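In: can't give you the sequence, but here's the structure:
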Ligand SMILES: C[S@@+](CC[C@H](N)C(=O)[O-])C[C@H]1O[C@@H](n2cnc3c(N)ncnc32)[C@H](O)[C@@H]1O
């Protein structure tokens, strides 16, 4: 059946629900349209932007009738800023939509008609929850400004004066850096023209310790007056570390080697009663409070008695493994980033956790070697990036045949696909799963899932 819409066509559409990724779902003669900025219940006028065989994409031009769950977005930059998508959707409805997306993925992709889902855990704070923000510099008539990308634009920046996702401290530090840059008469980097100097600012906060780390990223290694920057920032007693990094490449990354220009090498954060060191680029979940909830849920699902060999795959700086080590015989962490592994080792020492070991490596390539060292795992915790158990990781994990897998997922579609494979290849079943909202106003949702094996994996592999 040909699509009943054409590109650029304008239509009135009633939005039925929210799809994974955050677009509204509408139907025209049964044909699905994903509508940007359409919320459940809205009647919108929308313009079709892309037509495919199975569906089309459209953009809301005007909300003709607001759905019952629309609320006033508190941020003046909402809509223009690429940061938050759903400040205008009542928070309970955001949570319902995320829970429905997890269920839908498990039904549709994993083929489980009634997934054993527990109710979503909502975020404790829906604003001011982030412990890290990365800003970009742009040029304005008043001088350099800091802000975020405009919604849907890689090449346009929106200067901001207050972001509701960070703290008062985070906002004040950003404002102080803008003031410094203007007084220094430094030029913002222009991403299109590939010239200029100031590129990014990263502000990290230890939310449970009150310590802050600031990293400035510039385009070349032409020095600036670091004393003046340090004076501007050390008026905040919370600031403990100031770093400077140079990115001369075209890519907009802040993940580049950084030089400490003032203070401590790392700041501290406390999670689940443990103390973690945070350097500029080491991975840490960006919502501290909800990371604690996520990890304690992973611990509950792991069901440790003190006698288990536990693997923590994709372990980052070791946070999950370290929180589990108190209830396990031994924990073995694998992580691809050497910087994160170094932090994990340091974190183990700092917290006097002696029954844990960390190794740098690609999960898919090192599982067999890990098994030789640790012996058969009783519980495997996996916390992969959005792509899920990519490469050989899934097959190797299935071969291992651990009795229990705790899957911490930031992408329900790869969780569902990986589960299906683990079911087919090694007889795992989904025992329980619970979504957790760590990022209010964004389309992201985390899920913790418990997988158990129904029959010994070797028998299953032999019979297939
Ligand atoms: C979602 S993070 C989880 C980190 C950690 N569990 C936490 O909660 O802080 C995923 C981690 O997987 C690592 N990673 C990505 N691909 C990997 C691979 N193929 N093998 C090992 N680690 C990988 C990333 O560097 C990142 O630290």
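Out: Arrived safely. Keep in mind that what you see is a predicted model, and the values were worked out from it rather than measured.

In: low pLDDT regions in this structure?
Out: 1, 454-464 (pLDDT under 70).

In: for it, what's the longest helix?
Out: helix 91-108 (DSSP state H).

In: which helices and strands does it pack with?
Out: strand 17-18, helix 412-426, strand 428-436 (3 or more C-beta pairs under 8 Å, 6 or more residues apart in numbering; DSSP states H and E). Placement of C-beta: from N, CA and C, glycine included.

In: tell me the helices and strands packed up against the shortest one.
Out: When contacts are defined as 3+ C-beta pairs under 8 Å, 6+ apart, strand 17-18 packs onto strand 24-28, helix 91-108.

In: one step back: and the angle for the longest helix of the chain with strand 24-28?
Out: Relative orientation of helix 91-108 versus strand 24-28 (axes from the mean of the first three to the mean of the last three C-alpha atoms, to 10 degrees): 60 degrees.

In: give me the neighbour count for the closest residue to residue 113 other than its chain neighbours.
Out: Of all residues not flanking residue 113 in the chain, residue 107 sits nearest, at 6.6 Å (C-beta to C-beta, 6 or more residues apart in numbering). For residue 107, the count of nearby residues is 14 (other C-beta atoms under 10 Å).

In: does residue 107 really touch residue 115, like I thought?
Out: Yes. Contact criterion C-beta atoms under 8 Å: residue 107 and residue 115 qualify, at 6.4 Å.

In: rewinding a little: of all the residues in the longest helix of the chain, which ones are buried?
Out: For helix 91-108, burial by neighbour count (16 or more other C-beta atoms under 10 Å) applies to 91, 93-106.

In: quick one, that helix and helix 412-426 angle?
Out: Using the same axes, to 10 degrees, the inter-axis angle of helix 91-108 relative to helix 412-426 is 30 degrees.

In: could you break the protein into its assigned domains?
Out: 10-65, 97-124+287-463, 132-267 (automatic domain parsing).

In: the ligand is nearest to which of those?
Out: Nearest of the domains of the chain to the ligand, taken as C-beta to the nearest ligand atom: domain 97-124+287-463 at 2.7 Å.

In: who does the lengthiest strand in the chain pair up with?
Out: In the chain, taking DSSP state E as the definition, the longest strand is strand 55-65. Its sheet considered, strand 55-65 pairs with strand 31-36 (parallel), strand 43-51 (antiparallel) by DSSP bridges.

In: give me every residue in the chain lying close to the ligand.
Out: Counting by C-beta under 6 Å from any ligand atom, the chain comes close to the ligand at 283-285, 314-316, 319-320, 334-337, 340, 362-363, 383-385, 410.

In: which of these are buried?
Out: Taking 16+ other C-beta under 10 Å as the criterion, what is buried in the residues of the chain next to the ligand is 283-285, 314-316, 319-320, 334-337, 340, 363, 383-384, 410.

In: can you redo the helices and strands packed on strand 17-18 as a markdown table with distance to residue 262?
Out: Below are the helices and strands packed on strand 17-18 laid out as a markdown table (distance: least, C-beta to C-beta, whole Å):
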| stretch | distance to residue 262 |
| --- | --- |
| strand 24-28 | 47 |
| helix 91-108 | 39 |
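
In: quick one: which two of the buried residues of helix 91-108 are the most distant?
Out: The two members of the buried residues of helix 91-108 with the most space between them (C-beta to C-beta) are 91 and 106, at 23.3 Å.

In: hang on, residue 140 packs against residue 158?
Out: No. Contact criterion C-beta under 8 Å: residue 140 and residue 158 do not qualify, at 10.6 Å.

In: so the two - more neighbours on which side?
Out: Remark: of residue 140 and residue 158, residue 158 carries more neighbours, 18 against 14, as counted by other C-beta under 10 Å.

In: which residues touch the helix or strand containing the more buried one?
Out: Here residue 158, judged by DSSP states H and E, is contained in strand 157-159. Identification of contacts with strand 157-159 by C-beta atoms under 8 Å, 6 or more residues apart in numbering yields 77, 80-82, 136-138, 140, 145-150.

In: partner strands of that strand, parallel or antiparallel?
Out: Here strand 157-159 is paired, per DSSP bridges, with strand 143-149 (antiparallel).

In: what's the strand it pairs with in contact with?
Out: Outside strand 143-149, the residues touching it (C-beta under 8 Å, 6+ apart) are 81-83, 135-139, 156-160, 163, 174, 177-178, 181-182, 185-188, 198, 201.
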